[in-house]
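A.B. asks: For reference, the sequence and a predicted model appear below.
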Amino acid sequence: QHLPKIFPELGFFRDQDDHTKYLLRETLGRLLVVYWTATDQPEAFTRGQEIQKKLTENSWSKIREMTATSLESPEVFNAVLTAMAILDVAKLPKFRAQLAPHCSSPTQVLADVLENWPQVLPSFVRMPQEAQSLARDC
């Protein structure tokens, strides 16, 4: 309920076709993975994993070791979450058709929109310039 208020771009996923639903699930999954990693919640991260394939405590420790320092910064954490929230928007056919019809890949679409129409991605626009640069690099 709160995510669309924080990341209004999630509103682009309102179509009910299977592809759009899939992209929304992917986006929400990415947001949760970042959140669970940053808040050290291995139980939530591994909840749906099969016992035989479940991430080990040692592997979780390595993930946390790699991300803990960077994700402790509120600016970096916000930039990474924002990047995760806007990433799949560029894969939506209507989004591309309306804003970047000349682009052939989602990466090109997103880069073009961030350059020419950033206001359609308010979560990105409201970040400081340094955080915008970081989000672009994600």
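C.D. replies: That came through fine. Being a predicted model, the structure only gives us computed values, none of them experimental.

A.B. asks: hmm, what's the outermost residue in the chain?
C.D. replies: Farthest-out residue of the chain from its mean C-alpha position, per CA atoms, centre = their mean: residue 52, at 28.2 Å.

A.B. asks: What's the separation between it and residue 63?
C.D. replies: 19 Å (CB to CB, to the nearest Å). The C-beta positions use only the backbone N, C-alpha and C, and glycine is treated the same way.

A.B. asks: could you dump the strand or helix carrying residue 29 to CSV, C-alpha only?
C.D. replies: Residue 29 belongs to helix 18-38 when assigned by DSSP states H and E. C-alpha atoms of helix 18-38 as CSV (Å, rounded to 0.1, in the frame of the first residue of the first chain):
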residue,chain,number,x,y,z
ASP,A,18,0.3,-11.1,-18.0
HIS,A,19,3.5,-9.3,-19.1
THR,A,20,2.8,-6.2,-17.0
LYS,A,21,1.9,-8.3,-14.0
TYR,A,22,5.1,-10.3,-14.4
LEU,A,23,7.2,-7.0,-14.6
LEU,A,24,5.5,-5.7,-11.5
ARG,A,25,6.3,-8.9,-9.5
GLU,A,26,9.9,-8.6,-10.7
THR,A,27,10.1,-5.0,-9.6
LEU,A,28,8.5,-5.7,-6.2
GLY,A,29,10.9,-8.7,-5.8
ARG,A,30,13.9,-6.5,-6.4
LEU,A,31,12.7,-3.9,-3.9
LEU,A,32,12.2,-6.6,-1.3
VAL,A,33,15.6,-8.2,-1.9
VAL,A,34,17.3,-4.8,-1.4
TYR,A,35,15.3,-4.1,1.7
TRP,A,36,15.9,-7.6,3.2
THR,A,37,19.6,-7.3,2.5
ALA,A,38,20.0,-3.8,3.9
